[in-house]
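Enquirer: how does the following fold in three dimensions:
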Amino acid sequence: MSNKRQQIIVSHPTGNANVRAALDGFLQNDLLGSFFTCIATQNKSFFKLISKLPGMSEFKRRSFNENLSPYIHSYPYNELLRLFSMKAGLNRFVQHEHGLFSVDSIYHALDIKVAKAIKQGDQYRAIYAYEDGALNSFTEARQNGIKCLYDLPIGYWKAARILMSEEIQKRPDWSATLSGFNDSENKTNKKDQELALADHIYVASSFTATTLKHYSGTLSNISVLNYGFPEVSEIKNYKRIENQKLKLLFVGGLSQRKGIADIFDAVKPLKDYVDLTIVGRLPNDDVPVLKKALENCNYIPSLAHSEILKLMKENDVLLFPSLFEGFGLVITEAMSQGTPVITTNRTVGPDIITHGENGWIIEAGNHIALREMIEQLIEKPELIELNGLAARKLAGSRPWSFYGNELAKKVIEVLV
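Expert: Numbers count the residues shown, from 1 in each chain. Got it, this is the predicted structure:
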């Protein structure tokens, strides 16, 4: 596909690992026409220079393949003001949905830019956009005969509310960590409108696909494409010292959506046999039960990504008992370091993990099952090496480039 009419617009405000892999795949398959984003840290750019300054590491995460430079349209100002407001503690400017520089405002502003580009006559075959940032561009695209390709990175919002409502009844003390209920009716209506406009929907796990059964309308076809793995590390040292505690790690938001309370309940009676490390930022709301639980573990508020990978390699097992997860990038990150994962049936786990061979799957919300799995590893620590090596082998067979090319081929099938 060499002419512009066959190419696509991609839109995403920040550009994370899966977006970068998608862009590389589209570029390699001659699909990419334009990429709209907020901040792009390219060589010789202003953001590249300031990313080297103390406290400016955020800009390093906004870097893209240099070959993408001719295709990038960046609109950084609102996003810069959002980042500044967060660092300065100006919370009213970044207030959920209503803040002038809230995440919702940033997504909406970029969506308007893309819609305007389409309206002004840039003729492409399709637009590939993500949840919460597609309504205006999809509406304009439909009017111009451009196909709408929709990426849903996390499960459908109605399914989340059903499952998390059950969790609130079960653990009311942890309800303040379940922020998904803060979305207004206006925002959830927009999510449904985006889905209604989509000509094809892409999700990263079978679990995400199943959540869409709660959508009340008629959906287009859905493709399940698991993300890729980071580059595998050198084989880790699995040797253990006699009577060494099992080193358990959790990385993620400190929310019960991630199953954080299940971790604390599971390890509490095992404190003489395990060493638990938690990495993640505290929620904005005060959660006394969480603060108290963190006193009994090694707590790290945040780490650079490279340091997180290093920490994963140093620990025996990653715990990720999420109750609602579109994928769970920390799962593949840990596996790439040779560290096996205990996760649940509501993540990408069942898609890539064979229980007892390269990791372990438990029922979501079942802290007893989590405890029993940890106890099994305390009794048979040799399982850690067997599963860790198999996890690393799988990671090496499916790099990020695999996902990018697979996605590009699926998009070509839709455009033919």
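Enquirer: what ranges does the stretch 1-150 of the chain have for its helices?
Expert: Applying DSSP state H, counting those that start in this stretch to the stretch 1-150 of the chain gives helices spanning 17-28, 46-50, 77-88, 103-119, 135-143.
Enquirer: also the stretch 151-300 of the chain?
Expert: Under DSSP H, counting those that start in this stretch, the stretch 151-300 of the chain gives helices at 157-170, 185-197, 206-211, 260-267, 288-294.
Enquirer: that older thread, need the helices of the stretch 1-150 of the chain in TSV with mean neighbour count, can you?
Expert: Yep, even glycine has a C-beta here, placed from its N, CA and C like the rest. Formatted as TSV, these follow (neighbours: other Cβ atoms under 10 Å):
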stretch	mean neighbour count
helix 17-28	22
helix 46-50	14
helix 77-88	16
helix 103-119	20
helix 135-143	21
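Enquirer: which one, of those, ends up nearest to residue 274?
Expert: Across those, residue 274 has its closest neighbour in helix 17-28 (29.8 Å, Cβ to Cβ).
Enquirer: elements contacting that closest one?
Expert: For helix 17-28, the packing partners by 3 or more Cβ pairs under 8 Å, 6 or more residues apart in numbering; DSSP states H and E come out as strand 8-11, strand 32-37, strand 126-130, helix 400-415.
Enquirer: what angle separates it from helix 400-415?
Expert: 60 degrees (axes from the mean of the first three to the mean of the last three Cα atoms, to 10 degrees).
Enquirer: start the count at 52, not 1, going forward
Expert: Sounds good: first residue 52 from here, last item helix 68-79.
Enquirer: could you check the angle strand 177-181 makes with helix 68-79?
Expert: Going by the same axes, to 10 degrees, helix 68-79 makes 170 degrees with strand 177-181.
Enquirer: before we move on, the earlier item: same list (the helices and strands packed on helix 68-79) but as CSV, adding mean pLDDT, distance to residue 296 and mean neighbour count.
Expert: What follows is these, written out as CSV (pLDDT from 0 to 100; distance: least, Cβ to Cβ, whole Å; neighbours: other Cβ atoms under 10 Å):
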stretch, mean pLDDT, distance to residue 296, mean neighbour count
strand 59-62, 96, 46, 26
strand 83-88, 95, 44, 23
strand 177-181, 97, 41, 26
helix 451-466, 96, 34, 18
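Enquirer: and these as a markdown table, adding distance to residue 75?
Expert: Converted to a markdown table, these look like this (distance: least, Cβ to Cβ, whole Å):
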| stretch | distance to residue 75 |
| --- | --- |
| strand 59-62 | 11 |
| strand 83-88 | 9 |
| strand 177-181 | 13 |
| helix 451-466 | 5 |
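Enquirer: go through these and name the closest to residue 256.
Expert: That would be helix 451-466 among these, by Cβ to Cβ, at 12.3 Å.
Enquirer: who touches that closest one?
Expert: Contact with helix 451-466 is made by 52, 57, 59, 68-69, 71-77, 79-80, 82, 176-177, 179, 198, 200, 250-251, 253, 274, 276-281, as judged by Cβ atoms under 8 Å, 6 or more residues apart in numbering.
Enquirer: okay, the nearest residue to residue 148 once chain neighbours are set aside: pLDDT?
Expert: With Cβ to Cβ, 6 or more residues apart in numbering as the criterion, residue 148 has its nearest non-adjacent residue at 4.8 Å, and that residue is residue 155. According to the prediction, residue 155 has pLDDT 94.
Enquirer: show me the contacts for residue 155.
Expert: 147, 148, 183, 238.
Enquirer: quick one: buried ones out of those residues?
Expert: residue 183 (16 or more other Cβ atoms under 10 Å).
Enquirer: format the contacts of residue 155 as JSON lines; extra columns: pLDDT and distance to residue 389.
Expert: Shown next, in JSON lines, are those (pLDDT from 0 to 100; distance: Cβ to Cβ, whole Å):
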{"residue": "147", "pLDDT": "87", "distance to residue 389": "38"}
{"residue": "148", "pLDDT": "88", "distance to residue 389": "41"}
{"residue": "183", "pLDDT": "96", "distance to residue 389": "35"}
{"residue": "238", "pLDDT": "94", "distance to residue 389": "40"}
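Enquirer: now the residue of the chain most remote from its centre: how far from residue 330?
Expert: The centre of the chain is farthest from one residue, residue 293, which by Cα atoms, centre = their mean lies 37.4 Å away. Plainly put, residue 293 is 28 Å away from residue 330 if you go by Cβ to Cβ, to the nearest Å.
Enquirer: do the same with residue 175
Expert: Distance from residue 175 to residue 330, by Cβ to Cβ: 41 Å.
Enquirer: cool, residue 419 as well?
Expert: 25 Å.
Enquirer: the two: who's more crowded?
Expert: residue 330 (20 against 12; other Cβ atoms under 10 Å).
Enquirer: next, count neighbours for residue 427.
Expert: So residue 427, with other Cβ under 10 Å, has 13 neighbours.
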